[in-house]
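# Would you be able to build a 3D model of this:
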Amino acid sequence: MNPKLIIFDFDGTLADTTATIIATYQAAIKEVGAAPRSESECQATIGVPLEEGFRQLYPDYSDKEIAECVDAYRRIFIINKSKLVPKLYPGVMATLEKLHGMGIEMSVASSRSRWSLLEFCDENNISSFFKLIIGADDVTHAKPNPEPVLKTLETLNVSPADAIVVGDMPVDIAMGSGAGCETVGVTYGNSSRKDLEAAGATAVIDALPELLGLIK
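Got it, this is the predicted structure:
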């Protein structure tokens with residue numbers, strides 16, 4: 001791989017937000033009186049927008065019921081994010097610094113809302129590494145649709161052949177490959193090596209610093 005641009009997912013790739021997301025899902029589910037869902041069921045929704053996540057959990061719910069779930073989640077999240085502040089995974093900061101020193105451009109494409117994505121990047125002192133940060137609010141079609149990557153490539157004037165997408169979920173791999181990019185799956189987030197390989201990841205790594213070894 002010889003990328004000019006690396007597009008990163010955020011949740012489960014750069015920062016460990018799993019505990020915050022699961023706790024908020026379960027609190028929201030309890031508040032609206034929905035049938036309980038396990039931690040693993042909630043974790044499986046990470047990577048897609050909230051509305052889609054709740055639709056996965058409650059496929060028979062009406063649009064109104066889904067909207068109530070989303071509203072409860074967002075309200076509770078504001079409280080939880082200050083109690084369960086996500087931290088960068090080991091080696092993330094050092095890897096971003098090395099990639100920056102190599103002259104490789106970087107960006108973020110996430111299904112998280114833009115305001116919380118920007119806040120989390122700022123709190124972890126990584127915003128300055130990225131030429132572009134795209135959240136769910138910035139696109140019409142979120143992951144696994146390739147739109148976030150295609151918008152990034154167009155904005156930064158980079159061809160798909162010169163970019164790679166790094167993420168922890170099959171939807172990240174689908175988003176990247178759908179845009180014509182090579183993809184790297186990470187196993188330390190919310191998915192397994194088996195699922196990432198099945199999704200068609202070009203490569204799979206167990207820690208972000210391993211990404212440096214893939215770059216020529």
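# When you work out contacts or count neighbours from here on, use the C-alpha atoms and nothing else.
Noted.
# my read: Leu50 touches Val70, true?
Yes: using Cα atoms under 8 Å, Leu50 makes contact with Val70 at a distance of 6.3 Å.
# Which residues are in contact with each of those two?
Any residue near both Leu50 and Val70 by Cα atoms under 8 Å, 6 or more residues apart in numbering counts here, and not one turns up.
# Report the separation between the two terminal residues of stretch 139-152.
Stretch 139-152 has an end-to-end distance of 10 Å (criterion: Cα to Cα, to the nearest Å).
# what's in contact with it?
7, 47-49, 107, 109, 111, 132, 134, 136, 171-179.
# Show the average pLDDT along it.
In this model, stretch 139-152 has an average pLDDT of 95.
# which ones among the contacts of stretch 139-152 are found in helices?
Residues of the contacts of stretch 139-152 located in helices (DSSP state H): 171-178.
# and the next element down the chain from the longest helix along the chain?
Longest helix in the chain by number of residues (criterion: DSSP H): helix 63-83. The C-terminal neighbour of helix 63-83 among helices and strands, as given by DSSP states H and E, is strand 87-88.
# Can you tell me the strand partners of that next one and which way each runs?
Each strand paired with strand 87-88, and its direction, by DSSP bridges: strand 15-16 (antiparallel).
# Look through the protein and report the residue furthest from the middle.
The centre of the chain is farthest from one residue, Gly33, which by Cα atoms, centre = their mean lies 27.9 Å away.
# Relative to Gln26, how far out is that residue?
11 Å.
# For the protein, which segments are assigned as strands?
Taking DSSP state E, the strands of the chain run over residues 5-8, 15-16, 87-88, 105-109, 132-134, 163-167, 182-186, 203-205.
# what are the phi and psi angles of the residue lying closest to Ala19 once chain neighbours are set aside?
Ranked by Cα to Cα, 6 or more residues apart in numbering and with sequence neighbours excluded, the top spatial neighbour of Ala19 is Leu84, at 7.4 Å. Per-residue torsions, Leu84: phi -120, psi 70 (degrees, to the nearest 10).
# what's the neighbour count on Leu84?
By the criterion of other Cα atoms under 10 Å, Leu84 has 15 neighbours.
# what does Cys181 give?
Counted by other Cα under 10 Å, the residues lying close to Cys181 total 25.
# how about it, what does it touch?
Cys181 sits next to 160-165 when contact means Cα under 8 Å, 6+ apart.
# show me where pLDDT drops low in the protein?
The chain contains no residues with pLDDT under 70.
# I figured Arg114 hits Leu132, correct?
No: using Cα under 8 Å as the test, Arg114 is too far from Leu132 to be in contact (11.7 Å).
# returning to what we had before: touching, the residue nearest to Ala19 and Ile22? I think so.
No: under the criterion of Cα under 8 Å, Leu84 makes no contact with Ile22, lying 11.0 Å away.
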